[in-house]
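please find the sequence and the predicted model below.
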There are 2 protein chains.
Amino acid sequence: MMSDARPRAVVLLSGGLDSTTTLAVALAEGYEVYALSVAYGQRHAVELEAAGRIAGALGVSDHAVVHADLARFGGSALTGDTPVPKDRKEPGRGIPVTYVPARNTVLLSLALAWAETLGTGDLFIGVNALDYSGYPDCRPEYIEAFERMANLATKAGVEGSLQITVHAPLIGMTKREIIRRGLELGVDFGLTVSCYDPWPTGEACGRCDACRLRLEGFAEAGLPDPVPYHHGPAEMRR
Amino acid sequence: MMSDARPRAVVLLSGGLDSTTTLAVALAEGYEVYALSVAYGQRHAVELEAAGRIAGALGVSDHAVVHADLARFGGSALTGDTPVPKDRKEPGRGIPVTYVPARNTVLLSLALAWAETLGTGDLFIGVNALDYSGYPDCRPEYIEAFERMANLATKAGVEGSLQITVHAPLIGMTKREIIRRGLELGVDFGLTVSCYDPWPTGEACGRCDACRLRLEGFAEAGLPDPVPYHHGPAEMRR
């Protein structure tokens, strides 16, 4: 594990477009980054493999992949209980079946554990309240409540040696703005995986909510999405 | 998985004296119990084995053992980084090296994930603010902050269909009171494991903070501790 003079931050990295841009933002803000990916029982290992490639490409000091088997509990399309919905007309409305109960709380808790061990209180998470307004744990009031709890939870917070801060730099941005920001920072979005239900070949489905939001974002940014799509309406293939 | 008409609760069960008493309290209060044990990288599997025996003996509807590898992060004597301290004079003072960064936050987050899937908002945790005042995540203000955060984190909390409540029935009790309460409820403390550093034979060391607090509690209750101790001052062997 390398170390240097920059302040440290733990960045949650799923391997998707948002978390990759968040990692690039943390580096641009001058942090030494410790990237954390959580294997929580996702249907596919594709996104964890992507996270490894991204961590290497962007230059992090350490990349941890930690298991937390939320699939044991069931209750989400993302952990294999029910099919991933396709071709939904209004992906942003309501809480979708791809909601994983308490996921961001589990992810942030693990990030908090690592941060305290590293002697830092800076956590980064790529949540976004606009495109995913259906997820309760992507809203500013949730992030603030987690931060308040975290400052009471930790030795460092209680002793006053560290202030726990949850950075959510994308929380108020549109997908188009996120893509533009990522490109400004030199992110290669060809490394990222957003699809909830990729093909065994690793190609994105083009039809789940995550693919649709991503494709809309690239379309609004006037740019092609560099990742390959296997299936879907012709106008979504670029 | 059996189910019945009682309200459901998720009870965090480490296999120790406190969490076992907490489980007995939840059953006595009329809950159908789903016991959750988290393998977070403890030095020994002894306590997880004890949790399995206790879950069976007390009668839970399901017992889940979920892995969350906090040992990847280091930073605690309980996950193997530094030796477990022995024969400390004042086990209750300061935050000890057996503190696991963000442990209770990770445990409660996983319990929250399961609870939401089960359609309940009732979580039980056997934290105790008196004997373990050194642990920040055992205090009432921490538990309240977690509860507030959890009600903003979950679909059920946001939609108002469930109120998340973190029950900490032992939080204000002394070890002596906890032991008396457990015995009133018929708990067989011979099934429990409290030791931070048990011998390979499974016998308790008698010298770590957890053993010392437990032995003091039994002594104050005027009762023998039914578990075997391998090592330690003669006056601690019963």
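Alright, I've got the coordinates.

make it CA atoms for all contacts and neighbour counts henceforth
OK.

against chain B, how distant is A:F124?
To chain B, A:F124 is 16 Å away according to Cα to the nearest Cα, to the nearest Å.

residue contacts, that residue?
Going by Cα atoms under 8 Å, 6 or more residues apart in numbering or on different chains, A:F124 touches A:A9, A:V10, A:V11, A:L12, A:T22, A:L23, A:A26, A:V166, A:H167, A:A168, A:P169.

the first one sits in which helix or strand?
I take that to be A:A9. In the assignment (DSSP states H and E), A:A9 maps to strand A:8-12.

strands paired with that strand, and their directions?
strand A:32-39 (parallel), strand A:122-124 (parallel) (DSSP bridges).

can you tell me how far A:A168 is from chain B?
Separation of A:A168 from chain B (Cα to the nearest Cα): 15 Å.

same thing with A:R212?
Separation of A:R212 from chain B (Cα to the nearest Cα): 23 Å.

secondary structure class for that residue?
At A:R212 the chain is in helix, as set by DSSP: H, G, I helix; E, B strand; the rest coil.

quick one: pLDDT of it?
For A:R212, the pLDDT comes out at 89.

what's the answer for the one 5 residues further on, then?
Looking at A:G217, its pLDDT is 91.

now whichever strand or helix holds it, how far from the centre of its chain.
Assigned by DSSP H and E, A:G217 belongs to helix A:209-221. A distance of 16 Å separates the centroid of the chain from that of helix A:209-221, by Cα atoms, centre = their mean, to the nearest Å.

how about it as CSV, C-alpha atoms only?
C-alpha atoms of helix A:209-221 as CSV (Å, rounded to 0.1, in the frame of the first residue of the first chain):
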residue,chain,number,x,y,z
ASP,A,209,-33.4,1.6,-16.1
ALA,A,210,-29.7,2.1,-15.7
CYS,A,211,-29.0,1.6,-19.4
ARG,A,212,-31.8,3.9,-20.4
LEU,A,213,-30.7,6.7,-18.1
ARG,A,214,-27.2,6.3,-19.2
LEU,A,215,-28.1,6.3,-22.9
GLU,A,216,-30.3,9.4,-22.4
GLY,A,217,-27.5,11.1,-20.6
PHE,A,218,-25.1,10.5,-23.5
ALA,A,219,-27.7,11.5,-26.0
GLU,A,220,-28.4,14.8,-24.1
ALA,A,221,-24.6,15.4,-23.9
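
could you list the buried residues of that helix?
A:D209, A:A210, A:C211, A:R212, A:L213, A:R214, A:L215, A:E216, A:G217, A:F218 (16 or more other Cα atoms under 10 Å in any protein chain shown).

mind giving me the packing neighbours of that helix?
Contacts defined by 3 or more Cα pairs under 8 Å, 6 or more residues apart in numbering or on different chains; DSSP states H and E place helix A:209-221 against helix A:175-184.

who in chain A is up against chain B?
Residues of chain A lying near chain B by Cα under 8 Å from any Cα of the partner chain: A:64, A:66-70, A:72-75, A:95, A:100-106, A:109-110, A:112-114, A:116-117, A:135-137, A:141-142, A:145-146, A:148-149, A:152-155, A:158.

what mean pLDDT does stretch A:125-133 have?
78.

circling back: nearest to A:C205, of the strands paired with strand A:8-12?
With Cα to Cα as the criterion, A:C205 lies closest to strand A:32-39 of these, at 21.0 Å.

low-scoring stretches of chain A, by residue?
For chain A, the stretches with pLDDT under 70 are A:1-3, A:43-44, A:75-85, A:88-99, A:131-134, A:231-238.

in it, what residue spans correspond to helices?
A:17-28, A:46-58, A:103-118, A:140-153, A:155-159, A:175-184, A:209-221 (DSSP state H).

dump the ones you listed into a markdown table; add distance to B:F124 as well.
A markdown table is the format used below for those (distance: least, Cα to Cα, whole Å):
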| stretch | distance to B:F124 |
| --- | --- |
| helix A:17-28 | 33 |
| helix A:46-58 | 33 |
| helix A:103-118 | 17 |
| helix A:140-153 | 17 |
| helix A:155-159 | 22 |
| helix A:175-184 | 39 |
| helix A:209-221 | 35 |
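
quick one: closest of the ones you listed to B:W199.
helix A:103-118 (27.4 Å).

tilt between that closest one and helix B:103-118?
If you take axes from the mean of the first three to the mean of the last three Cα atoms, to 10 degrees, helix A:103-118 sits at 170 degrees to helix B:103-118.

restrict helix A:103-118 to CA atoms and write it as PDB.
Extracted C-alpha coordinates of helix A:103-118, given in PDB (Å, rounded to 0.1, in the frame of the first residue of the first chain):
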ATOM      1  CA  ARG A 103     -27.700  -0.800   0.400                       C
ATOM      2  CA  ASN A 104     -26.200   2.700   0.600                       C
ATOM      3  CA  THR A 105     -26.200   2.400   4.400                       C
ATOM      4  CA  VAL A 106     -24.300  -0.900   4.300                       C
ATOM      5  CA  LEU A 107     -21.900   0.600   1.700                       C
ATOM      6  CA  LEU A 108     -21.300   3.800   3.700                       C
ATOM      7  CA  SER A 109     -20.900   1.800   6.900                       C
ATOM      8  CA  LEU A 110     -18.100  -0.200   5.400                       C
ATOM      9  CA  ALA A 111     -16.500   2.900   3.900                       C
ATOM     10  CA  LEU A 112     -16.700   4.400   7.400                       C
ATOM     11  CA  ALA A 113     -14.900   1.400   8.900                       C
ATOM     12  CA  TRP A 114     -12.100   1.700   6.400                       C
ATOM     13  CA  ALA A 115     -11.900   5.500   6.700                       C
ATOM     14  CA  GLU A 116     -11.500   5.400  10.500                       C
ATOM     15  CA  THR A 117      -8.700   2.800  10.200                       C
ATOM     16  CA  LEU A 118      -7.000   5.000   7.600                       C
END
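
would you mark the buried spots in that helix?
Neighbour-count burial for helix A:103-118 flags A:103-118 (criterion: 16+ other Cα under 10 Å).

give me the number of residues near A:D188?
Residues contacting A:D188 under the criterion other Cα atoms under 10 Å in any protein chain shown number 16.

oops, could you answer that again for A:E177 instead?
So A:E177, with other Cα under 10 Å, has 16 neighbours.

same deal with A:T192?
25.

over to A:P169?
19.

so how far is A:L27 from it?
As defined by Cα to Cα, to the nearest Å, A:P169 lies at a distance of 12 Å from A:L27.

repeat that for A:L123.
Counting by Cα to Cα, the gap from A:L123 to A:L27 is 13 Å.

could you check which of the two has the larger neighbour count?
Remark: of A:L123 and A:L27, A:L123 carries more neighbours, 24 against 20, as counted by other Cα under 10 Å.
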